Structures are given as C-alpha cells and as structure tokens.
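Asks: model this:
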Amino acid sequence: QLQLVESGGGLVQPGGSLRLSCAATGSTLDYYAIGWFRQAPGKEREVVSCITTNGHGTDYADSVKGRFTISRDNAKNMVHLQMNNLKPEDTAVYYCHTRTYTSVTSWDDYWGQGTQVTVSS
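Replies: Okay, here's the model as predicted:
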C-alpha cells in the first residue's frame, strides 16, 4: 500500500525559500505521477504543481509559475518542490498526491499528512 509523507515545511520570511519533499513507502514512486496541492485556512485545496512519472513533464499553477520548481528522484523514491521568492499568500498546508484508476468509475487517491508552510515577517 502506497503511503506518502511530506516534509520540509516551516516558517520563512517573504522572499525566502523552502524545499518540500514527498517520500513514498510501500511502493515504487516511479509508477506514479505526483501532484503538489495546498490548502490555506478557509480556502479550498488547490493544485500547485505536478510531474509525470519520468519527470520530463511538469506544470504549475499561474500563481507559482517562475517561483516554484517540481522535480523527482525516482532512485530515492522522492519528489521535491523547491519554492523561491515566497509570499505571504503562499502560506498553507502543502500535500503531495497521486491517483490510481482501477476503472473509469473507480479510483484511489493517496494523500500525505501535509506540511505547514508559513510565510511571514
């Protein structure tokens, strides 16, 4: 059973950087495309970035484009999110996620427990 565990969150000043990591246990991560989501207090969870299984394809929400970089190291079963030039509006709990389909009407979602990112002076 695949399990995802995030780490790397913390408190950082505006303009600072953090590197989040998503570690996988129970399965080989290179089978899965991975997405990073975030949820701020009182707001819906939103997708931030995603990466294909081989790492050759990435995409970003407009709000983080040019500041965040997603990458993966399949040999270490890890996916990373490098976050630069952080803004107060980036404050949220960040989650990594993947989904596997068993049919067109059935799928399994896998979420980590989340890691808190707080951007404040």
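
Asks: and the residue nearest to residue 34 when sequence neighbours are not counted, what does it touch?
Replies: Among residues not flanking residue 34 along the chain, residue 79 sits closest, at 4.6 Å (CB to CB, 6 or more residues apart in numbering). To be clear about C-beta, it is placed using only N, CA and C from the backbone, and glycine gets the same treatment. Applying CB atoms under 8 Å, 6 or more residues apart in numbering to residue 79 gives the contacts 21-22, 29, 34, 36, 51, 70-73, 96.

Asks: By neighbour count, which of these wins?
Replies: Counting neighbours by other CB atoms under 10 Å, residue 96 leads the contacts of residue 79 with 30 neighbours.

Asks: Check which helix or strand the residue nearest to the spatial centre of the chain maps to.
Replies: Nearest residue to the geometric centre of the chain (CA atoms, centre = their mean): residue 36, 2.5 Å. Assigned by DSSP states H and E, residue 36 falls within strand 34-39.

Asks: Fine, thanks again, bye for now.
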